[in-house]
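Trainee: Whatever this is, show me its structure:
(chains A and B)
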Amino acid sequence: MNIDVIWTLISLVLTLFIFSYLFGDNPVFRIATGIFVGAAAGYFAVVIIYQVILPHLVVPLIQGSILALFPLILSGLLLTKLSPRLGRLGNVSMAVLVGSGAAIAIGGAALGTIFGQVRAAIDAFGSQANTSGTSPLLLGVEGLFLLAGTVTALAYFNFGGKEQAGQAPARVAISAWLSGIGKFFIALTFGAIFAGVLTAGLTALVERADFVIRTISTLITG
Amino acid sequence: MSEKICPVCNRANLPNAKRCWYCQSLLEDEPVIGEPGEGAEAVEQPEPEKEVPDWLARIRARKAIESMEPQPKEEVPAPEKKTEEPKPVIPEKPASSVPSGKTGSISRRPGIQLPSWITELEKEAKPAPEDVEPFKPPAKKTESSDWMKKLSAWQAEEEHGGQEAAKAEPDNTPEWLTEFLSKENAPQPESGLTPAEEFNQQLQSAEPQPGDTEPLGPLTEDEEAIRPDETYDFSQDVESPTPKEEEEIPPVDERELEAGFTPLSVELPSEPAAKPPSIEPQPVEEGDIDLEWLEEYDKAVPKEAAPEEPVEEEAAAESEAAQPQEPITKPLTPFLGVKKNDWNIPFVPLAAKAEEASGEEETANEGEEDALKLPVWMEQLRRIEMTNPATPSTPPAPEMVPPAASPEPEEQPPVEGPLAGIQGALRSAELPDLYSKPPIYTNRIQVTDRQALRADLLSNLLQESPAAVHTEEAAPKTPAKSRLRKILVGLLVLAVVLLVLVGAPGTSLLPVLYPPETASVYQLVNALPADKPVLIAADFDAGLSGEIGYTSQAFFEHLMLRNIPMATLSTNPAGSALMGNMLSAAQARVSTYDLAARTVQFGYLAGGSVALQSMASDVHMALPYTAELFPAWTNPLLVNIQKISDFGALVVMTDDADTGRYWVEQVQPALEGIPLIVVTSAQSAPMLLPYYESGQINGVIAGMAGGTAYEQILQIPGESTFYFGAYQSLVLVVFVLILIGGVVALVMPQENGHKD
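Mentor: The predicted model follows:
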């Protein structure tokens, strides 16, 4: 028997094990998930050794790079996190990871997302939009719609309210009105995301169903 | 010189001591070291050198020399013999030159017969009066008049009180006192100045020498107490200079000494503790002592300062220490070296000790005293130990012991609590003083209106919580309907998929309008230069690899059809392998493309957004090797790549919106105008499309719909188009199910007051 056929049969069996979750949690499903997690962890370990540690740490050390000592030391300190007694030594590595990660994430979010999206909201009314050949009226309406959606969605997340004697704090009138519109845009966004997640799952189902049918037909037809 | 060993503390004492200097026990019956069985004549026999320490040997040698010194008035050395004498240690003043000083020389005890060798040494050691150079006191003595005052004060007291007792006392003068007295009897040079004026003149003219050391005063009780245990021979520093200095020491100038020890500056200490306890009056013969100065001193010193009793009686009174009312003001350091066994003797009541103290002299001579007199604090401590054997027997430090016997009765140890039974524990204050009636507080909470309003809000929230908790708890209890419903929905979806795939494969309603972001990708790929590789980054999981595969297949085919080289990397460990399968599948459809020659795999790039930032800054440093650990940038496809903007385009294949956002935020600013194309799953497309609208992403292929659109644009139907019918069917069924569910939820009454 060809090795590909064996792997195909294994894939078929594991796929059916996963489908068994339709009837609830069962040992077959647990076996399949366990195999998947174990195989993925082993594969990740091999990939990390051969494509991270060797090229980025061992080879530079062999070549005499002093800079490679820093990741070596930090990695060693990070391993001390396994010991409760020496775990504090790993805080240095954690500080480097969290600090550098936070700095990069904040800078990227500010320059790449906030400024980029604000500029895009402004450009919707600018000359750049007219170069697309679309009607200026339509571009203006689209720009207003985007602006309204952005402003009202941001207004929804303003939870400040005015206190009144004997009553619960409530938003001011304009804020309440804007947040109501913002809720509509947020619901549209969540609906789009849900639709995307649903279609992604349906696509995966189609792909697996096709695999099952083709495998079974192959086995039957030989 | 021999010593007596105390039977109690086993310490050495002077041969003429009656009591142990350390523990005050009787020494009469103890044999003398070195001459067991011999009489008093053996006192002068030297000890074997093997058993004598260095410091003791020097002291004995010095004493031997002193004992060889003749009486100043009796013997006058011959001049010719003085020239033969190499270096007298302490030259004696001739008898003719003895002035009418304040001190008298100490004569040898008449009853003691010296050995012959000592007599010969004495004869040789007598210097001639004319050969004796005047003594010049070192400058260090002028710097320390304090100790000298004490010494002279002590000497004055000693002489004043011990004039009469000196006659009766045997010759047991300590060596340091003998030396001191001999120095006083040294000859004085003739001058026109009085001794006091000369001494003051020397004080003014004297300057400290660089090599001089600080002079040491007479040994105090503390020093005397620790002297036997010390290995350092400080007595040499005090009493005798180094051998080199000994040779240079001129004969003692008696006038200078007399001026230096003049009693003008003497202040008698109020405490008798300033006097060494073991020192006893010297046997001074009446004829040797000139008491003229002492008479003057007696006139100058008040009567109360002078001791009224002889020294012997005073010493006896000191040794008693059996006066409970008198606090011990002097340090109790003589007992520092005492071990437990030193004072672990039968207890004798204090009253009996007081009686014994009166007749101590007689009992000491007869050797009948059995008990050792101890200080009051030690007596009390021993009494406590006898009554409470569990108490640790380690003697406390003298500083921690009450200085005198307290007339107050002993406090009983506490009978309860953690310190129960421990003697000496501090008593706590009375319990009634510690406790008082607690204040009474009102149970009415003083709140403001704002606090009351917030409390109401919190109460409302808590009232809503039980319903939510009940919902979470009730969910697992309704499996029958829910499970059946889930099974039915699942079977319906599977049936639809299988029906479409088996019954009508490839049947679909393809869209006529294409998404603009997908059309942009097609235009961008067509515009790519054929010589520049495209960097393709994969970051998706295996669960969505099927969707990503359908979405990207037409895109890869388009690149291969244009024979554009590709460099692939993965920010996900599984991404490289999954993308390799996709490339292989695409290459199977485009056989003209040499996948091995036109692609380079960088492998896995770890680090997330930090690694992306690093790659955008220096792509060579971030990706030094290929997946096969070959140098990446020596590959012919990448020789012209120096930075990330040298690639033809950057393609990001991801199923996570955050990952796509990281690429936009960290790498897109470094692209310098090269297109950024995103191939993504349908679930992350809504979050990434705004970046396309803002121009930060140049093209997007999102989900199976995007892949099918791209195939339609490319006009090469692929798997996406083939399975698009099944996909459309499933979407339709799910849409109908959601619609039905929503209608049912609106129509059906709510169970238990909330949505199921």
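
Trainee: okay but A:I18 is in contact with A:R30, surely?
Mentor: No: counting by C-beta atoms under 8 Å, A:R30 is not a contact partner of A:I18; they are 10.7 Å apart. (Each C-beta comes from the backbone N, C-alpha and C, glycine too.)

Trainee: Mind checking which of the two has more residues around it?
Mentor: A:I18 (16 against 13; other C-beta atoms under 10 Å in any protein chain shown).

Trainee: Would you mind giving me the confidence score for that one?
Mentor: Per-residue confidence at A:I18 stands at 92 (pLDDT).

Trainee: what helices or strands is the helix or strand containing it leaning on?
Mentor: When elements are defined using DSSP states H and E, A:I18 is found to belong to helix A:3-19. When contacts are defined as 3 or more C-beta pairs under 8 Å, 6 or more residues apart in numbering or on different chains; DSSP states H and E, helix A:3-19 sits against helix A:27-48, helix A:173-221.

Trainee: Any part of the first one near chain B?
Mentor: Yes: contact between helix A:27-48 and chain B is present through A:A40, A:Y43, A:F44, A:V47, A:I48 (criterion: C-beta under 8 Å from any C-beta of the partner chain).

Trainee: Include neighbour count and pLDDT when you put those into TSV, please.
Mentor: Converted to TSV, the residues of helix A:27-48 next to chain B look like this (neighbours: other C-beta atoms under 10 Å in any protein chain shown; pLDDT from 0 to 100):
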residue	neighbour count	pLDDT
A:A40	14	91
A:Y43	14	92
A:F44	14	91
A:V47	21	91
A:I48	14	91
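
Trainee: which one of these sits closest to A:D25?
Mentor: When the residues of helix A:27-48 next to chain B are compared for distance to A:D25, the smallest value, 20.2 Å, is given by A:A40; criterion: C-beta to C-beta.

Trainee: For the stretch 651-756 of chain B, which residues score under the pLDDT cut-off?
Mentor: Across the stretch 651-756 of chain B, the ranges flagged by pLDDT under 70 are B:750-756.

Trainee: which stretches of it form strands?
Mentor: Counting by DSSP state E, counting those that start in this stretch, the stretch 651-756 of chain B has strands at residues B:676-680, B:699-702.

Trainee: Of the ones you listed, which is nearest A:V206?
Mentor: Closest to A:V206 of the strands of the stretch 651-756 of chain B, according to C-beta to C-beta: strand B:699-702, at 16.4 Å.

Trainee: can you list contacts of that closest one?
Mentor: Counting contacts by C-beta atoms under 8 Å, 6 or more residues apart in numbering or on different chains, the residues outside strand B:699-702 that touch it are A:196, B:515, B:517-518, B:520-524, B:551-552, B:555, B:675, B:677-682, B:684-685, B:688-689, B:692, B:706-707, B:709-710.

Trainee: List only buried entries from those.
Mentor: A:196, B:515, B:517-518, B:520-522, B:524, B:551-552, B:555, B:675, B:677-682, B:684-685, B:688-689, B:692, B:706-707, B:709-710 (16 or more other C-beta atoms under 10 Å in any protein chain shown).

Trainee: Helices - which of these land there?
Mentor: A:196, B:517-518, B:520-522, B:524, B:551-552, B:555, B:685, B:688-689, B:692, B:706-707, B:709-710 (DSSP state H).

Trainee: What part of chain A, helix or strand, is modelled with the least confidence?
Mentor: Between all helices and strands in chain A, the lowest mean by mean pLDDT, DSSP states H and E belongs to helix A:127-130, at a mean of 57.

Trainee: I'd like the next helix or strand past that one.
Mentor: Toward the C-terminus, helix A:127-130 is succeeded by helix A:136-156 as the next helix or strand (DSSP H and E).

Trainee: and the next helix or strand after that following helix, is it in reach of chain B?
Mentor: Following helix A:136-156 in sequence order, the next helix or strand is strand A:162-164 (DSSP H and E). Yes: counting by C-beta under 8 Å from any C-beta, contacts between strand A:162-164 and chain B involve A:E163.

Trainee: What are the buried residues along strand A:162-164?
Mentor: In strand A:162-164, no residue is buried by neighbour count (16+ other C-beta under 10 Å).

Trainee: Show the average pLDDT along whatever helix or strand comes next after it.
Mentor: Under the assignment DSSP H and E, the closest C-terminal helix or strand after strand A:162-164 is strand A:167-170. In this model, strand A:167-170 carries a mean pLDDT of 79.

Trainee: before we move on, the earlier item: so which of the helices and strands packed on helix A:3-19 comes closest to B:I440?
Mentor: Among the helices and strands packed on helix A:3-19, helix A:173-221 comes nearest to B:I440, with 49.1 Å by C-beta to C-beta.

Trainee: which strands and helices sit next to the closest one?
Mentor: Using 3+ C-beta pairs under 8 Å, 6+ apart as the test, helix A:173-221 ends up in contact with helix A:3-19, helix A:136-156, helix B:479-498, helix B:545-561, helix B:685-693, helix B:703-714, helix B:724-747.
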